[in-house]
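Peer 1: Can you look at this prediction? I've put the sequence above it.
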Amino acid sequence: MEIGNLGVTAARGFQAAGGSAGIKKNNTKDMALIYSTVPCVAAGTFTRNLVKAAPVKWDQHIVYDCPTAQAVVVNSGVANAATGRQGYENCEETAKEAAAVLQIPADSVLVASTGVIGQQIPTDKIKAGIHMLAPMLSDSKEAADIAAAAIMTTDTRSKQASVSIELGGKTVNIGGMCKGAGMIHPNMCTMLSFVTTDAAISKEMLQKALSGVVDDSYNMISVDGDTSTNDTCLVMANGLAGNPEITEENEDYRLFAEALFEVNRALAKMIAADGEGASRLFEVKVIHAASKEQAVTLSKAVVTSTLTKAAIFGRDANWGRILCAMGYSGAEFDPEKVDLFFKSAAGELQIVENGIAADYSEEEATRILSENAVTALVDIKMGEAEATAWGCDLTYDYVTINADYRS
């Protein structure tokens, strides 16, 4: 499957808009709207952080208890987290305003927020923003681009992906956008991710497909080890592709789930690569594990290791930090059987053989670690399972960004 970047307007019937509602400083873009011309079935995965933002609770209600969804209102700048009953009522008020403007039911409006925790969202600005954005809704690529830019916080670039597949003789499109750069250590999904598709699929099968792909995509990334209060991944399917409706786990379902995974994996990797202050994407692949669980545990331990992330920033092949992280991960393995390789566009180099240093050139290792994307390949020689995690290096800028976040 070839991944494109058409975003949330890639699928038939979906429109988007973005602009400035005056929530952020300096009049930068801070609000987006996604809309389907027909009702959709919706699926979602949400943070497991016990401190859940009000929009997470609202969206859980819409996804789990309501039959359809048709719009998403997103703001950046204020997270609407740790805001009590008032925060939830603000979500409801936002949904009602969007429903009135778009002439759809209020219980088909999803909402999402990202930004500073502990502040109430300015509902007057959100409402005005809905009125501003509704006439701007468009199915163009430009509209998708603007919407993707409007949901960013400390992101340095917008993040979009799309793919097309054939189901039942019909072309089915899946497109998505996401945001995330800091407070990234997902547990069920990522900071904010919105995926649209024109596939005809039942609500049950859509939720099953989404729940099945997040573990190997968003749940395998980490920037700083902090699981957000607002983590939300939403998928809406409007059926306009006209394919035979997917109601069971048949071949069409498997192909759809694979395509959904590819879109979400692409978005997840974009988040990891754009980690706050990051200068390179850091990928950790554990192979020949005894089980998938073991491979996941080991790869995530390495990709989240502060010392390893700092070494990647310094282009230092300090492989002892990788073995150390594996050792405290809780997964059982034989340290004296581990092989470790560093890979990038500049080449591949074995660093460790059977748990001890291989005969390698430090200069060559530094050259490989100087690329924008670097992979640590870890072979533990125990079985056939594998897993890949994605993160980024740890730079001086990460501290600078987060020390000044509210000021």
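Peer 2: Great, that's in hand. Numbers count the residues shown, from 1 in each chain.
Peer 1: What segments of the stretch 201-350 of the chain are strands?
Peer 2: With DSSP state E, counting those that start in this stretch, the ranges of strands along the stretch 201-350 of the chain come out as 232-237, 281-289, 339-344, 347-353.
Peer 1: which other residues reach the second one?
Peer 2: In other words, strand 281-289. 269, 272-273, 294-295, 298-300, 302-303, 309, 312, 333, 372-393 (CB atoms under 8 Å, 6 or more residues apart in numbering). The way it works is simple: take the backbone N, C-alpha and C, and place the C-beta from them, glycine included.
Peer 1: So among the residues you listed, which ones count as buried?
Peer 2: Neighbour counting with 16 or more other CB atoms under 10 Å marks 269, 272-273, 294-295, 298-300, 302-303, 309, 312, 333, 373-380, 382, 385-393 as buried within these.
Peer 1: Run the chain-centre distance for stretch 365-382.
Peer 2: 23 Å (CA atoms, centre = their mean, to the nearest Å).
Peer 1: Next: stretch 305-325.
Peer 2: On CA atoms, centre = their mean, the centre of stretch 305-325 falls 25 Å from that of its chain.
Peer 1: who's in contact with that stretch?
Peer 2: Outside stretch 305-325, the residues that reach it (CB under 8 Å, 6+ apart) are 279-280, 282, 301-304, 335, 338, 340, 342, 351-352, 355, 357, 360, 362, 365-366, 369-370, 374, 376, 378, 391-395.
Peer 1: ok, 6 Å please
Peer 2: Here stretch 305-325 makes contact (CB atoms under 6 Å, 6 or more residues apart in numbering) with 282, 301-302, 340, 351-352, 365-366, 369-370, 393-395.
Peer 1: Could you work out the most separated pair of the residues you listed?
Peer 2: Val352 and Thr395 (25.3 Å; CB to CB).
Peer 1: Check the strands of the stretch 201-350 of the chain for me and report the most buried one.
Peer 2: Highest mean neighbour count among the strands of the stretch 201-350 of the chain (mean count of other CB atoms under 10 Å): strand 232-237, with a mean of 30.
Peer 1: Please name every helix or strand in contact with it.
Peer 2: Contacts defined by 3 or more CB pairs under 6 Å, 6 or more residues apart in numbering; DSSP states H and E place strand 232-237 against strand 31-46, strand 192-197.
Peer 1: Give me the buried positions along the longest one.
Peer 2: This points to strand 31-46. 31-36, 39-46.
Peer 1: what's in contact with the strand or helix carrying Glu142?
Peer 2: Using DSSP states H and E, Glu142 sits in helix 141-150. Helix 141-150 is contacted from outside by Gly7, Val8, Thr9, Ala16, Ala17, Gly18, Lys29, Met31, Ala32, Ser158, Gln160, Met177, using CB under 6 Å, 6+ apart.
Peer 1: what about that helix, average pLDDT?
Peer 2: Across helix 141-150, the average pLDDT comes to 98.
Peer 1: list the contacts for Ile151?
Peer 2: Ala32, Val74, Ser76, Lys179.
Peer 1: what about the longest helix in the protein?
Peer 2: helix 251-273 (DSSP state H).
Peer 1: ok, residues contacting that helix?
Peer 2: Residues contacting helix 251-273 (CB under 6 Å, 6+ apart): 1, 3, 159, 161, 163, 165, 167, 174, 176, 178, 180, 190, 193, 199, 209, 213, 217-218, 221, 246, 281, 390-392.
Peer 1: so it versus strand 281-289, what angle?
Peer 2: 130 degrees (axes from the mean of the first three to the mean of the last three CA atoms, to 10 degrees).
Peer 1: Strand 232-237 and helix 251-273, what's the angle between them?
Peer 2: 150 degrees.
Peer 1: can you pull the buried residues of helix 251-273?
Peer 2: 252-253, 255-257, 259-273.
Peer 1: Now for Leu167: which residues touch it?
Peer 2: Leu167 sits in contact with Asn243, Asp252, where contact means CB under 6 Å, 6+ apart.
Peer 1: If we use 8 Å, what do you get?
Peer 2: So Leu167 contacts Ala199, Ala241, Asn243, Pro244, Ile246, Asp252, Leu255, Phe256 (CB under 8 Å, 6+ apart).
Peer 1: Leu349 now?
Peer 2: With CB under 8 Å, 6+ apart, Leu349 has these contacts: Phe341, Phe342, Lys343, Tyr360, Ser361, Glu364, Ala365, Ile368.
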